[in-house]
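Peer 1: this is a predicted model, with the sequence first.
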Amino acid sequence: RRSGSARSSRHRSRTTMSKTVLFGAIGRHNFGDLLFAHIVERMIRDSGIETDIHFCDLLARDMTPYDGHDVESITSFLDIDDLNIVHIGGQTGGCSVEAALKMLEDPATKSGFGIRAQEYIAFALKNIHRRIRYIRRFLPIDLIRERLFAARLSSFGISPLSSVEVAYLLPKALFRAPGIFVANSIGGNSKPALQNLASYDYVGFRDRQSYLIARDHGIENLHLAPDCAVLTRYLFEELIVGRSSREAIRKMRAAVGKDYVAIQINTSILDAHGREIEEALSEFINRTSLPLVFFCAGIAPQHDSAEQYRARFMNGLEQGKIYFFDSYNIWDICHVISNATLIVGTSLHVRIIASLYERKRLTLCGDHKQNSYIDEWDFSKEKTQPERLYDDAVRILSAPHDETGDRENTLALERLYLEMNFLNMGLWADGKG
């Protein structure tokens, strides 16, 4: 599989652009978002477009320890002439600046953006409870919140974002000399997002509901296509296969062998259903004798936690049958998924990578984001809930294997369908600018 070979005939012209910012939630660790940046960069490079590429989030962060990028702050580019923006993707249609900043953990202090605005208000009013009525009368609580939030933005050096309502689908008017604006593989929407998208040159949604809402609002240059992560194997298979020689992978293989079940569970779901999940996994080990490899797809706040895995499962599951994978490198994560016998996960991109490698897969406690993708794009529709986890996992694992080769051909065609469906809609990267 040679990257770009299927697309070479589509990209004949060469367009020169001054600067292009690949903008998204890539200053925090979530392997799907970090993959987006690699995929979009590769698409631009392979298309023959000549441009100076920069990677941006709201705040500058160095994500290279995870094979992400050295990320700059988008506010450093507001006054650049002829600046092109590619929002690289994600469930960002309704994501506020405040919510996005809470995910950007400070690498030095390991603290997030800060205390919630409500807690700042409580702090500001501490010891002056007798004056609360007076304060609220002349300075409404919403205005207090707005001023405190603006001050917080200023302390991070990004005060220009104080008027922005959606974090990643920024309005062209925020920039002095905007060029081409692209929204790639987005999900969700909101009124402010739709208002901003109206001026974009290309808008690609990955879920039909958001796409239809945008269409009904008159958004032009609108497309429905799979999440661009479906190109991960197409573009980076050699890199993912090559991780087998890395220490983290070798250690895992030495501990569990080649047959294992990969498990990824979001912290909130594990908090809510930990006991049920533990019981299901314990019963599963007793039935199958397969080892479980727990891994994190994201370690940003409100994502996954290796510490939580250990606290929940270290003493409750059979020793020698559990392994806590300790690498957060995005290519190592892809390698773990791509070689598992079965994958159980709560992450959409864990599901997508599993599908690209034809792995048996179960999405646990899927929300609208996961379910809409599975229903629209995944040929396997398997989902589960904690109370059905054991039964569903055993059933999927026990499904008879097709020895004729027909299944392998079918799975390859399914993957090709996803790849080409995205590529055919990826008009923004065809070099015609």
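Peer 2: Here it is on my side, so go on. Numbers count the residues shown, from 1 in each chain.

Peer 1: identify the residue spatially nearest to Ala25, adjacent ones excluded.
Peer 2: When the adjacent residues along the chain are set aside, Ala25 lies closest to Asp33, with 4.6 Å between them (CB to CB, 6 or more residues apart in numbering). C-beta: built from backbone N, CA, C; applies to glycine.

Peer 1: actually Gly204, not the one I typed
Peer 2: Taking CB to CB, 6+ apart as the measure, Gly204 lies nearest to His223, with 4.7 Å between them; neighbours along the chain are not counted.

Peer 1: re the thing from before, just checking, the residue nearest to Ala25 touches Leu22?
Peer 2: No: Asp33 sits out of contact with Leu22 when judged by CB atoms under 8 Å, with a separation of 11.0 Å.

Peer 1: any common contacting residues for the two?
Peer 2: With CB atoms under 8 Å, 6 or more residues apart in numbering applied, the overlap between the contact sets of Asp33 and Leu22 consists of Ile88.

Peer 1: am I right that Asn84 sits in a helix?
Peer 2: No: following the definition DSSP: H, G, I helix; E, B strand; the rest coil, Asn84 is strand and is not counted among the residues of a helix.

Peer 1: and the helices in the stretch 1-150 of the chain, which stretches?
Peer 2: 31-47, 97-102, 117-125, 132-138, 141-155 (DSSP state H, counting those that start in this stretch).

Peer 1: for Glu419, pull up the helix or strand it's in.
Peer 2: For Glu419, the enclosing helix or strand under DSSP states H and E is helix 406-425.

Peer 1: okay, buried residues for that helix please.
Peer 2: If you call a residue buried by 16 or more other CB atoms under 10 Å, then helix 406-425 has these buried ones: 411, 414-415, 418-419, 422-423, 425.

Peer 1: then stretch 83-91 to CSV, C-alphas only?
Peer 2: Provided in CSV are the C-alpha atoms of stretch 83-91 (Å, rounded to 0.1, in the frame of the first residue of the first chain):
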residue,chain,number,x,y,z
LEU,A,83,-3.9,32.9,5.8
ASN,A,84,-5.6,29.6,5.0
ILE,A,85,-7.3,27.7,7.8
VAL,A,86,-8.1,24.0,7.8
HIS,A,87,-10.1,22.9,10.8
ILE,A,88,-8.8,19.3,10.9
GLY,A,89,-11.9,17.7,12.4
GLY,A,90,-13.7,16.5,15.4
GLN,A,91,-16.9,16.9,17.4
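
Peer 1: and the strands in this structure, which stretches?
Peer 2: With DSSP state E, the ranges of strands along the chain come out as 16-23, 50-57, 61-62, 70-73, 83-87, 178-186, 202-205, 222-224, 261-264, 292-294, 322-324, 342-345, 360-364, 383-384.

Peer 1: mean pLDDT lowest for which of those?
Peer 2: If the strands of the chain are sorted by mean pLDDT, strand 16-23 sits at the bottom with a mean of 82.

Peer 1: low-confidence stretches in the stretch 251-400 of the chain?
Peer 2: Along the stretch 251-400 of the chain, segments meeting pLDDT under 70 are nowhere present.

Peer 1: go with 80
Peer 2: 400 (pLDDT under 80).

Peer 1: where does the stretch 51-200 of the chain have low pLDDT?
Peer 2: For the stretch 51-200 of the chain, the stretches flagged by pLDDT under 80 are 104-164.

Peer 1: ok, now with 90
Peer 2: In the predicted model, the stretch 51-200 of the chain carries pLDDT under 90 at residues 59, 75, 81-82, 94-167, 189.

Peer 1: closest to Leu290 among the buried residues of helix 406-425?
Peer 2: Leu411 (21.5 Å; CB to CB).

Peer 1: check contacts around that closest one.
Peer 2: Contacts of Leu411 were listed using CB under 8 Å, 6+ apart, and they are Glu358.

Peer 1: can you tell me how far it is from Val164?
Peer 2: Applying CB to CB, to the nearest Å, one obtains 43 Å for the distance of Leu411 from Val164.

Peer 1: do the same with Asn189
Peer 2: When distances are taken as CB to CB, Asn189 and Val164 turn out to be 16 Å apart.

Peer 1: swap in Gly187?
Peer 2: Using CB to CB, one gets 19 Å for the distance from Gly187 to Val164.

Peer 1: okay, the residue nearest to Ala25: pLDDT?
Peer 2: We note a pLDDT of 96 for Asp33 in this prediction.

Peer 1: residues in contact with it?
Peer 2: The neighbours of Asp33, taking CB under 8 Å, 6+ apart as the test, are 24-26, 88-90.

Peer 1: picking that back up, closest to Gln195 among the buried residues of helix 406-425?
Peer 2: Distance to Gln195, by CB to CB, is smallest for Met425 among the buried residues of helix 406-425, at 23.2 Å.

Peer 1: which one's more surrounded, Asn189 and Val164?
Peer 2: When Asn189 and Val164 are compared on other CB atoms under 10 Å, the one with more neighbours turns out to be Asn189, at 23 against 20.

Peer 1: the more buried one contacts Tyr211, correct?
Peer 2: No: judged on CB under 8 Å, Asn189 makes no contact with Tyr211 at a distance of 9.1 Å.

Peer 1: for stretch 299-317, buried residues please.
Peer 2: For stretch 299-317, the buried set under the neighbour-count rule, 16+ other CB under 10 Å, comprises 299-301, 303-305, 308-309, 312-313, 317.

Peer 1: out of these, which comes closest to Asp271?
Peer 2: Using CB to CB, Gln308 comes nearest to Asp271 of those, at 8.0 Å.

Peer 1: what's the closest non-adjacent residue to Asp201?
Peer 2: Ile180 (5.0 Å).

Peer 1: wait, doesn't the one you found sit right on Asn221?
Peer 2: No: in this structure, Ile180 is not within contact of Asn221 by CB under 8 Å, at 10.7 Å.

Peer 1: quick one: end-to-end distance for stretch 49-62.
Peer 2: Counting by CA to CA, to the nearest Å, you get 26 Å between the two ends of stretch 49-62.

Peer 1: what's the spacing between the residue lying closest to His303 once chain neighbours are set aside and Asp82?
Peer 2: If you skip the residues right next to it in sequence, His303 has Asn30 as its closest partner in space, 6.0 Å away by CB to CB, 6+ apart. Asn30 sits 31 Å away from Asp82, taking CB to CB as the criterion.

Peer 1: more neighbours: the two, which one.
Peer 2: Neighbours per residue (other CB under 10 Å) separate Asn30 from Asp82, with Asn30 holding more: 24 against 13.

Peer 1: show me the contacts for the more buried one.
Peer 2: Taking CB under 8 Å, 6+ apart, we find Asn30 in contact with 297-298, 300, 303.
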